[in-house]
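Peer 1: sequence plus the predicted model coming up.
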Amino acid sequence: MYIDVHCHLDICKDIDKIIEEVRKKKIGIIISNGVKPSVNRKILELAKKYKEVKCSMGIYPIDALALSDGEIDEEIKFIRKNKDKVTAIGEVGIDYKEDSENWDRQKKIFRKFINLSIELNKPIIVHSRKAEKECIEILEELNAKKVVMHCFSGKFSLIERISRNGWFLSIPGNVNHSEQFQNIAKKIDIKNLLCETDAPYLHPLKERDNTPVNVIYSYKKIAELKNMKIKDVEKAIEKNYYRLFS
Ligand SMILES: [Zn+2]
């Protein structure tokens, strides 16, 4: 079974057709990530409708800035209320791509979601664009144990720190063409790896409309880079998934 731990199924085109394909290609688990309150509700419905789909609820760091503290606390209450249907907390984190006066607020919101993930004992799926070190420092400070760094592109010393902490890196389809992701997949022990598509973004062949079906590209590339059989990569990652998500 193949597993996609990070995508945005709610905004993929023709979801019924994608699920049909997913079933043919043995993709057994798809974690769709929420980025704001309306999306969290949508993916809850998708998870009800399709047995492969799991629900990760969170607020994307940039979307969070548009909400008041009260609205964020309300959403945290909603997630807590639905904890039995929630597989992970995410997509949450910090994004320093754009110069912003709101960095302190992003950190404050991120802390709330880390605390929620610890309270509910669910993994946290972290977005850390241009704020890789900051994210790791806060996660370490709050003693988070179940962590997936999604699409991580920080320095290699930080990658080693993630693996020392026993956290996970989810390898996106860009591993097909990005030397940086190839280096991560090569050097980091398979026991710290998961795979993702970030669909509909980040098509492995740089085409449009990525789907969870393409998670197979990450598996294939990891097998090639680590000189392993694809079957063994599949088994190892399934084991990692159950170690982290149960
Ligand atoms: Zn994402």
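Peer 2: Right, received. Where do you want to start? In this text, all values refer to a predicted model and were calculated from it rather than measured experimentally. Numbering: from 1, shown residues only.

Peer 1: residues near residue 177, how many?
Peer 2: Residues lying near residue 177 (other CB atoms under 10 Å) number 12. (C-beta placed from N, C-alpha, C; glycine too.)

Peer 1: mind listing what it touches?
Peer 2: Residue 177 is in contact with 204, 206, counting by CB atoms under 8 Å, 6 or more residues apart in numbering.

Peer 1: shift numbering so it begins at 260
Peer 2: In the new numbering, first residue 260, that becomes residue 436.

Peer 1: and residue 295, how close does it get to residue 374?
Peer 2: Here the distance between residue 295 and residue 374 works out to 20 Å (CB to CB, to the nearest Å).

Peer 1: I should have written residue 497 there, sorry.
Peer 2: Residue 497 sits 29 Å away from residue 374 when distances are taken as CB to CB.

Peer 1: coming back round to it: okay, residue 295 and residue 374: which has more neighbours?
Peer 2: Higher neighbour count among residue 295 and residue 374: residue 295, with 19 against 15, using other CB under 10 Å.

Peer 1: for that one, which non-adjacent residue is spatially closest?
Peer 2: residue 322 (4.5 Å; CB to CB, 6 or more residues apart in numbering).

Peer 1: in what helix or strand does residue 385 lie?
Peer 2: strand 383-386 (DSSP states H and E).

Peer 1: say whether the ion is contacted by that strand.
Peer 2: No - if you take CB under 5 Å from the ion as the test, strand 383-386 misses the ion, and the best it gets is 6.5 Å.

Peer 1: so how far is that strand from its chain's centroid?
Peer 2: Between the centre of strand 383-386 and the centre of its chain there are 6 Å (CA atoms, centre = their mean, to the nearest Å).

Peer 1: now stretch 312-327
Peer 2: On CA atoms, centre = their mean, the centre of stretch 312-327 falls 12 Å from the chain's centre.

Peer 1: for stretch 334-347, same thing?
Peer 2: For stretch 334-347, the distance to the chain centre is 17 Å (CA atoms, centre = their mean).

Peer 1: show me which residues of the chain are close to the ion?
Peer 2: Contacts of the chain with the ion, taken as CB under 5 Å from the ion, map to 350, 457.

Peer 1: and the strands in the chain?
Peer 2: Assigned strands in the chain, in chain order: 261-266, 286-292, 312-316, 347-352, 383-386, 406-409, 427-430, 452-454 (criterion: DSSP state E).

Peer 1: packing partners for the fifth one?
Peer 2: Read it as strand 383-386. Where contact means 3 or more CB pairs under 8 Å, 6 or more residues apart in numbering; DSSP states H and E, strand 383-386 is packed against strand 347-352, helix 362-379, helix 391-400, strand 406-409.

Peer 1: give me the residues contacting that strand.
Peer 2: With contact meaning CB under 8 Å, 6+ apart, strand 383-386 is reached by 264-265, 290, 292, 315, 317, 319-320, 347-354, 372-373, 376, 394, 398, 403, 405-410, 429.
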